[in-house]
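Need a 3D model of the sequence below.
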Amino acid sequence: MTLLRRVLVLIAAALLLLPPMPAAADCTLLRYATNPNYPPFSWPGEHDDYKGASVELLKLVAPPGVTLVPMMFPWKRSQAMAEAGQIDLLLSLRITPERERYLSFTRTAAFANPIVVFVPETSPIKYADWQTLKSYQGGVSLGDAFGNGFDEYMRDNLKVDTAPTMIENFRKLKLGRIDYFVSGDYLGRAYLRSAAGKAGARVVSIDPPISSGSIHFGFSRRSACIGLLKDMDARLSELNAKGIPARLLDDALSAFALESGYEWK
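Below you'll find the predicted structure:
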């Protein structure tokens, strides 16, 4: 063995004896974004930042010494920036094959996000399962997907109109133009508790949910902060076991209902 090779072997052996580098040693600033129009999970604050349950949960799981930096952009742009590594972390989004190309998700859910059926309080619908809806006219919002096979069932078996946003669908529901509306439970409840959603006939959600999904935190695969993933995932697991994310959602629903001036989009 040559002298140079002996030196390289000794160096390699010495490196193996060193303690591991701390997770995400280069991460002192964590640039994050979330959907700015998704209360009670997230909505715009007063100081170029976000409010909502997602941000409060992030504060609880972020390691000490890491500064959280909100990046305020439209949701579609934020996702593109995360793909390019210009945003480190996206909060509270569903795991899809497309997103898994550029995001590494926490295995533990951030929040439950069930999909439910909304109806007028006086509705004759006695909901038991998807087949219950066959005789009625439904509504969904453009671009929504619900998972667990319901999208395919809806396409093949149900009569459903599409409106641009949730707001139009709730208006159609209150005017009797549709019999039911399918949407995220918490998002729908946030709207119905707001000033805009209180006008007109009372609307309620009915059980059981259409599907019981969850939303997660996702790190950009190009982020220097991706080493935080494991520790944050473990912390999420601890908080879920204590029921803290559910309490944060309830608190955010109450806080959002007390606010005025939010412009639904």
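
switch to C-alpha atoms for all contacts and neighbour counts from now on
Noted.

any idea how far the most centrally placed residue in the chain lies from Cys27?
By CA atoms, centre = their mean, the mean C-alpha position of the chain lies nearest to Ser92, the distance being 2.6 Å. For Ser92, the distance to Cys27 equals 21 Å [CA to CA, to the nearest Å].

Next: Tyr38.
Per CA to CA, Tyr38 is found 28 Å from Cys27.

Could you look up the SS state of Leu30?
strand (DSSP: H, G, I helix; E, B strand; the rest coil).

and it, what are its bridge partners?
Leu68 (DSSP bridges).

so what's it up against?
For Leu30, the contact set (CA atoms under 8 Å, 6 or more residues apart in numbering) comprises 66-69, 88-89, 225.

Spell out the residue ranges of the helices in the stretch 151-265 of the chain.
Along the stretch 151-265 of the chain, counting by DSSP state H, counting those that start in this stretch, helices occupy 166-175, 185-193, 195-198, 229-241, 244-258.

how about these in TSV, adding mean neighbour count?
Below are these laid out as TSV (neighbours: other CA atoms under 10 Å):
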stretch	mean neighbour count
helix 166-175	20
helix 185-193	20
helix 195-198	15
helix 229-241	17
helix 244-258	18
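
So which of those is nearest Gly143?
Nearest of the helices of the stretch 151-265 of the chain to Gly143, taken as CA to CA: helix 166-175 at 10.9 Å.

one step back: and Tyr38 and Cys27? which has more neighbours close in?
For Tyr38 versus Cys27, the count of surrounding residues by other CA atoms under 10 Å is larger for Tyr38: 22 against 18.

doesn't Leu187 make contact with that one?
Yes - here Tyr38 reaches Leu187: they are 6.4 Å apart, a contact under CA atoms under 8 Å.

And the pLDDT at Asp129?
Asp129 is assigned a predicted lDDT (pLDDT) of 93.

typed the wrong thing, it's Ala201
With respect to pLDDT, Ala201 scores 72.

packing partners for the biggest strand by length in the chain?
Counting by DSSP state E, the longest strand found in the chain is strand 203-211. Using 3 or more CA pairs under 8 Å, 6 or more residues apart in numbering; DSSP states H and E, the elements in contact with strand 203-211 are strand 115-120.

got the angle between the strand it packs on and strand 203-211?
Angle between the axes of strand 115-120 and strand 203-211 is 160 degrees (criterion: axes from the mean of the first three to the mean of the last three CA atoms, to 10 degrees).

Enumerate every residue touching the nearest residue to Pro114 once chain neighbours are set aside.
Nearest residue to Pro114, sequence neighbours excluded (CA to CA, 6 or more residues apart in numbering): Ser212, at 4.3 Å. If you count contacts by CA under 8 Å, 6+ apart, Ser212 has them with 112-115.

Of the residues you listed, which is the nearest to Lys230?
Among these, Ala112 lies closest to Lys230 (CA to CA), at 20.2 Å.

Roughly how far does the nearest residue in space to that closest one that is not next to it in sequence sit from Tyr38?
Of all residues not flanking Ala112 in the chain, Ser214 sits nearest, at 4.3 Å (CA to CA, 6+ apart). Distance of Ser214 to Tyr38, computed by CA to CA: 14 Å.
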